[in-house]
Every structure is written in C-alpha cells, then in structure tokens.
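A.B. asks: I would like the atomic coordinates for the input below:
(one chain, ligands or ions: 1)
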Amino acid sequence: METLILEFLNTDWIIRCQGKEDPLYNEAWLNRYFKKVIGSDIESSETLSIQMTNLRTIFINSIEALVNEELNLDVLIKELNKYFAVAPGVRIITSNEGKYDIGFKTDQVTDDFILAELCFLMHQLLFESEKERIRICENPDCKYIFFDNSRNKSKRHCYEGCANIMKVRRFREKNATK
Ligand SMILES: [Zn+2]
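C.D. replies: All right, here's what the predicted structure looks like:
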C-alpha cells in the first residue's frame, strides 16, 4: 500500500542521487505512474507538474518532521483537505481479488482530481499504515524514503550500501578525533 506514495516521494531522490531529470516532468513516467494510481493515462501539463512538485515538497517536509517527531498533523490535514475540497469525484467501494477498498471515481480526470489522489495516498501512508515504520535513509547524501518492514523496526538505511558508507564515515570520524 505504501509503495505508490513512496515512489512519488522518491522522485526527489532520483533527481538528487541519479542526476536524472525530474520524473514529474516526464510524460512517460507520469503515465506509467498514474496507470497504477488511477488506472489510466493523464493529461500532463507544465501547470500540473508544478503543482505536483509543490505537493512533493509539502509531503517530504512532513515526512522529515514526522521522523523527527515534530510533525504538526493538524496543519497537514488542513492542507490535504484543501486538495480534497476542490476535487471532483464520487466515493466508491471497489473489490480486487476479494479485497475491498474505498476510493474515488470520476469521469473527469482533472488536475484537481490527480492532486487529490496523491493526497489520498499520503493520507493512507500516515493514517492507515504503521507510520512509525516510515524512515528517511540516514546517509545524508541519500535520504531515500522507505518503509521499514523489519521485525524490530531497526532499519536506518535504505540498503546495505548506505549502511556501509555510514559505518566507514563513523569509523573515520572516530579516528580523526583521536
Ligand atoms: Zn540510502
């Protein structure tokens, strides 16, 4: 469930760490992504990309605050509600292989609808998953956002490589101060 919103958030990581263009401005990426989110292509535009970029910033700042235990949920909820308030659509229950889910459906996939869908994914991450498992990789050059599925909730890095980099860095720092 978390994967889709994490994919959206980590487009920022793709720019920073892979040096690629912003996926939120890439039509092929957007269509691939929204096929998974709403089941169809979208009408991309620069305005929409700019709005999505703003949303990504709000979300990443919120995740950073959450991880630092400084998140003001009321402020974020107010922000999400602003997007929900202007989005078209009706609430509908869908079934998928015996699993029932509630979502929104619309005949008009407008920018507002798309942005509200992203807010819905963010809401799921914060309120329907174990949000204490949300992590930002502690390698400051990485900061990949991930969900810690480990049993004792002790994962601090997105993958072994980052854990090793940090181990080496701590070792060097320790020796430098000696
Ligand atoms: Zn990492």
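
A.B. asks: could you use CA atoms for every contact and neighbour count after this?
C.D. replies: Noted.

A.B. asks: what segments of the protein are strands?
C.D. replies: 90-96, 99-105, 134-136, 145-147 (DSSP state E).

A.B. asks: can you lay out the ones you listed as a markdown table showing mean pLDDT?
C.D. replies: Output for those, formatted as a markdown table (pLDDT from 0 to 100):
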| stretch | mean pLDDT |
| --- | --- |
| strand 90-96 | 87 |
| strand 99-105 | 84 |
| strand 134-136 | 96 |
| strand 145-147 | 96 |
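
A.B. asks: what distance do you get for the residue nearest to Ala163 when sequence neighbours are not counted to the ion?
C.D. replies: Using C-alpha to C-alpha, 6 or more residues apart in numbering and skipping the chain neighbours, the partner closest in space to Ala163 is His157 (5.6 Å). When C-alpha to the ion, to the nearest Å is applied, the distance between His157 and the ion equals 5 Å.

A.B. asks: thought Cys142 was touching His157, still the case?
C.D. replies: No: with contacts counted by C-alpha atoms under 8 Å, His157 stays clear of Cys142, the gap being 9.1 Å.

A.B. asks: and this protein, which residues reach the ion?
C.D. replies: The interface of the chain toward the ion, taken as C-alpha under 5 Å from the ion, is made up of 137, 142, 158, 162.

A.B. asks: pLDDT at the second one, what is it?
C.D. replies: The pLDDT attached to Cys142 in the predicted structure is 97.

A.B. asks: which residues touch it?
C.D. replies: The contact partners of Cys142, by C-alpha atoms under 8 Å, 6 or more residues apart in numbering, come to 13, 17, 162.

A.B. asks: look up how far Lys143 lies from the last one.
C.D. replies: As judged by C-alpha to C-alpha, to the nearest Å, Cys162 and Lys143 stand 10 Å apart.
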